[in-house]
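Engineer: next come a sequence and a model predicted from it.
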Amino acid sequence: MTTLLDTVGHYAQAHADPAGLARTPIPGLAAIRATAPSGLLHEISRPLVCLVLQGSKQVTMGTQTFAFGAGDSLLIAADVPTVSQITQASAAAPYLSFVMELDAAVIANLATEMQAAPTAEHFPVQIEPTDSEVADAALRLMRLLDRPASMPVLQTQLLRELHYWLLLGRHGAAIRRLGWPNSNAQRVARAVTVLRAEFAQPLPVERLAAAAGMSASSFYQHFREVTSLSPLQFQKQLRLIEARRLMLSEGVSASSAAFAVGYESVPQFTREYGRVFGLPPVRDTQTAKNKARTLP
């Protein structure tokens, strides 16, 4: 019988880009493949679940580092800054994972039907063994990619089923918070949507608080509780991550990248870039490019 490992492996090998990301026609669903351990990847992750099928990885949020491997599932239950690294992968046994962004509307609908209210606050990053029902639903969703004519009919219900098993499984209590109407997590998520769309522009905290439906002081407190950053720190992370992408993927100069993401001072950009990525922009991008050339 074809396993989830086989199915994801075949899809990723056929469709992965140079970075190892194999997007699918289903929004928010992807496979990841790597044939060697990776460097550090800085990002502000959207809420997602990652089923590791082969190899191993580690993710750091703040001062906490989580190591996990085949048979484990990673849950990121909020828009939070993470630093991740694939730690075990080879050409003979590539790192493989199934990644799905979580849909708050689907979660809200299911939680209401299941009468499953959120419980106490949960840390936004969790590692648990993958539930068998989750793996089975993920396999059927991946198999659907080979039958494009069936996708308009079955895609929605299979995504809904996968969310259902996640809610019912080990990660359920943390996931419920994402879809619960007017929860702090959901209110902060509305402000994060504005930040992601307009990070290069000045964004007064009052505007973000209004998007969240909170007072400025309450918003600042809850934003930090959910994301671990202040709104300004969050915006800076978005700017720096996008600047790095522009330099690595599009060959943009450091000064051009700085202005493109909203910085008015190149020296300030260089200082803040170095604090996050450990090297100044030019040296960091050159090091990353040199490492990419040596990968198999």
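Structural biologist: Now that the structure is in, tell me what you want to look at.

Engineer: which strand residues bridge the closest residue to A93 other than its chain neighbours?
Structural biologist: Computed as Cβ to Cβ, 6 or more residues apart in numbering, the closest residue to A93 that is not its neighbour in sequence is Q54, at 6.0 Å. C-betas here are computed from N, CA, C, even on glycine. With DSSP bridges as the criterion, Q54 is bridged to L96.

Engineer: doesn't Y95 make contact with Q54?
Structural biologist: Yes. Counting by Cβ atoms under 8 Å, Y95 is a contact partner of Q54 at 6.3 Å.

Engineer: circling back: give the contact list for the residue nearest to A93.
Structural biologist: By Cβ atoms under 8 Å, 6 or more residues apart in numbering, the residues touching Q54 are L5, G9, A70, A93, P94, Y95, L96.

Engineer: out of those, which is nearest to L246?
Structural biologist: Y95 (26.2 Å; Cβ to Cβ).

Engineer: what sits against the closest one?
Structural biologist: By Cβ under 8 Å, 6+ apart, the residues touching Y95 are I32, R33, A34, T35, V52, Q54, G55, S56, K57, I86, Q88, A89.

Engineer: look up how far V83 lies from it.
Structural biologist: Distance, Y95 to V83, by Cβ to Cβ, to the nearest Å: 17 Å.

Engineer: name the helices or strands packed onto the helix ranked longest in the chain?
Structural biologist: Longest helix in the chain, counting residues (DSSP state H): helix 231-250. With contacts defined as 3 or more Cβ pairs under 8 Å, 6 or more residues apart in numbering; DSSP states H and E, helix 231-250 has these neighbours: strand 41-45, helix 184-198, helix 205-212, helix 216-227, helix 254-260, helix 266-277, helix 281-294.

Engineer: how about the longest one: buried residues?
Structural biologist: The neighbour-count criterion (16 or more other Cβ atoms under 10 Å) identifies N184, A185, Q186, R187, V188, A189, A191, V192, V194, L195 as the buried residues of helix 184-198.

Engineer: output the contacts of Q54 as CSV; include the columns secondary structure.
Structural biologist: CSV is the format used below for the contacts of Q54 (DSSP: H, G, I helix; E, B strand; the rest coil):
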residue, secondary structure
L5, helix
G9, helix
A70, coil
A93, coil
P94, coil
Y95, strand
L96, strand
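
Engineer: tell me which residue is most central in this structure.
Structural biologist: S45 (3.1 Å; Cα atoms, centre = their mean).

Engineer: which residues touch that one?
Structural biologist: Counted by Cβ under 8 Å, 6+ apart, S45 has contacts I76, D79, V80, P81, T82.

Engineer: CA atoms only: put stretch 50-59 into CSV for me.
Structural biologist: What follows is stretch 50-59, C-alpha atoms only, in CSV (Å, rounded to 0.1, in the frame of the first residue of the first chain):
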residue,chain,number,x,y,z
CYS,A,50,3.9,20.1,9.6
LEU,A,51,4.1,16.3,9.5
VAL,A,52,7.7,15.1,9.3
LEU,A,53,7.9,11.9,7.4
GLN,A,54,11.7,11.4,7.0
GLY,A,55,14.8,13.1,8.4
SER,A,56,14.7,15.6,11.3
LYS,A,57,14.4,19.3,12.0
GLN,A,58,14.6,21.8,14.8
VAL,A,59,12.7,25.0,15.3
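
Engineer: could you list the buried residues of that stretch?
Structural biologist: By neighbour count on 16+ other Cβ under 10 Å, the buried set for stretch 50-59 is C50, L51, V52, L53, Q54, G55, S56, K57, Q58, V59.

Engineer: can you check stretch 30-46 too?
Structural biologist: Neighbour-count burial for stretch 30-46 flags A30, A31, I32, R33, A34, T35, A36, P37, S38, H42, I44, S45 (criterion: 16+ other Cβ under 10 Å).

Engineer: noted, bye for now.
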